[in-house]
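Visitor: sequence first, predicted model second:
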Amino acid sequence: MTGAMRFLILQADAAEGAASFFDSPWWKFTTMMAKALLVAMWLALAFWTYKDAKRRITDPLMIGVAVATSLIFPYVGTLFYVILRPPEYLEDVLERDLEIRAREQELVGGANRCPACRTAVRDEYLVCPKCRRELKVACAACARPLDRSWKVCPYCATDVASPKRSAKPVVAEEDELFA
């Protein structure tokens, strides 16, 4: 036998072995399980698309389109959904909006709260009606409420820096200085 003949016989034996491998029950079982796994993964991705879309999208039509795309175009449809989906869950958007509203209300109404007990108080209160903390002092001349840090009454221009002095308008002092 020549070398070429021997080569042809070895090639025929290899082809016969490969053909018998692909006809074996083990190969058929493996391919059937791989196909079942791919179908199960495809359906699981479609279900995940539905669950995720319900948490992110309010429009039922858009949810249906996302799921249909995931079912019609296996794997690629879910990939498109992942790329195009809204970045936030609806619960997160609602929570953020509520936090913003709460902060806005806190900023608007924050100056009208007792610093000790956080009870809502009016601008004209001198003391907190709940904890009795002194909020403001009364002007000696006009009796209007003044912040404790103010040096002069903005209503009657009375100096409020020293409690023992008589009510004397600040405007008169300034006129004397510049006269």
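Guide: Arrived safely.
Visitor: from now on I want contacts and neighbour counts done on CA atoms only, so please keep to that.
Guide: Fine.
Visitor: count of neighbours near Asp97?
Guide: 12 (other CA atoms under 10 Å).
Visitor: from the chain's centre, how far out does stretch 152-162 sit?
Guide: Relative to the chain's own centre, stretch 152-162 is displaced by 48 Å; criterion: CA atoms, centre = their mean, to the nearest Å.
Visitor: buried sites along it?
Guide: Within stretch 152-162, the residues that qualify as buried are 152-153, 156-160, counting by 16 or more other CA atoms under 10 Å.
Visitor: now do that stretch, average pLDDT.
Guide: Computed over stretch 152-162, the mean pLDDT rounds to 82.
Visitor: helices along the chain, start to end?
Guide: Using DSSP state H, the helices of the chain run over 3-22, 25-56, 60-72, 76-84, 90-109, 170-178.
Visitor: sorry, back to before: farthest-apart pair in the buried residues of stretch 152-162, please.
Guide: Cys156 and Val160 (10.7 Å; CA to CA).
Visitor: who's in contact with stretch 43-61?
Guide: Here stretch 43-61 makes contact (CA atoms under 8 Å, 6 or more residues apart in numbering) with 63-64, 66-67, 70-71, 75, 78, 81, 85-91.
Visitor: and if we set it to 10 Å?
Guide: Residues outside stretch 43-61 that contact it (CA atoms under 10 Å, 6 or more residues apart in numbering): 37-42, 62-75, 77-79, 81-82, 85-93.
Visitor: how about stretch 48-64: buried residues?
Guide: By 16+ other CA under 10 Å, the buried positions in stretch 48-64 come out as 49-50, 52-54, 56-57, 63.
Visitor: list the contacts for Leu98?
Guide: 92, 104.
Visitor: need the buried residues of stretch 152-162 in CSV (columns: distance to Cys139).
Guide: Below are the buried residues of stretch 152-162 laid out as CSV (distance: CA to CA, whole Å):
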residue, distance to Cys139
Val152, 9
Cys153, 7
Cys156, 9
Ala157, 10
Thr158, 8
Asp159, 9
Val160, 7
